[in-house]
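Q: Let's see this in three dimensions:
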Amino acid sequence: MRKRKTIEERKKEVFFAIIQIIAEKGIFEVSTTEVAKKLNVSQPALYKYFKSKDDMFFYFLDELDKLLKEIIEKANQKEDVEEKLRTVFLEHISLVEKTKVLPRIIFSDVLFFGKNKEKLKNVVFSYQNGIEKIFEEGIEKGKIVDGTPPSLTRLFLGSILLSALNWILLDNSYSLKKDAEKSFETFIKAFLKE
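A: Presented below is the predicted three-dimensional model:
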């Protein structure tokens, strides 16, 4: 007898289906119809778990928020500020390489309307805040050049986003992680105090 999947297992399947749809077709193609097709279930079956497309996006953004918080938690387990920043940089790049969706989400105007905008804003600002704290720690310990943690964080994340965007535009034709390791070395030299 086949074991029935839990609600949480089903929702995780929806999360990964959304990732696949965004990676293959773009965020505009995410709909309950497309997700149902991807999961080989009926559209009404999805309504057991989500009331609407917005509800699906909220869940998707909640799951994305958890993944980004895990990156910050992993970084904060390191002792050295440089290692914390390296961990965030490379883990974020690994997430992009694995899912292929983060830059598409950030640059999509679909999420910048109504409730989606607020939800995305909370996810992004929470992640930025975690990185800012690492820069604050580096400045306090005298290891990072003087600057404002928000500005340093924007430069840091901008570097990640542009690396990811180039990789996507070049059809994932090279190892993003290897490229990111080189980029990080250049990036960190500009921010470390001698």
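Q: list the contacts for residue 35?
A: By Cβ atoms under 8 Å, 6 or more residues apart in numbering, residue 35 lies in contact with 14, 17, 18, 21, 46, 56. Backbone N, C-alpha and C define where each C-beta goes, glycine included.
Q: wait, isn't the fifth one in contact with residue 11?
A: When you say that, I think you mean residue 46. No: with contact taken as Cβ atoms under 8 Å, residue 46 and residue 11 are classed as non-touching, separated by 10.1 Å.
Q: More neighbours: which of these two?
A: For residue 46 versus residue 11, neighbours defined as other Cβ atoms under 10 Å are more numerous around residue 46 (22 against 17).
Q: From residue 81, how far off is the more buried one?
A: Per Cβ to Cβ, to the nearest Å, residue 46 is found 44 Å from residue 81.
Q: Same question for residue 185.
A: Distance from residue 185 to residue 81, counting by Cβ to Cβ: 15 Å.
Q: more crowded one of those two?
A: Neighbour count, other Cβ under 10 Å: between residue 185 and residue 81, residue 81 has more, with 22 against 10.
Q: What pLDDT is listed against the more buried one?
A: What the model reports as pLDDT for residue 81 is 96.
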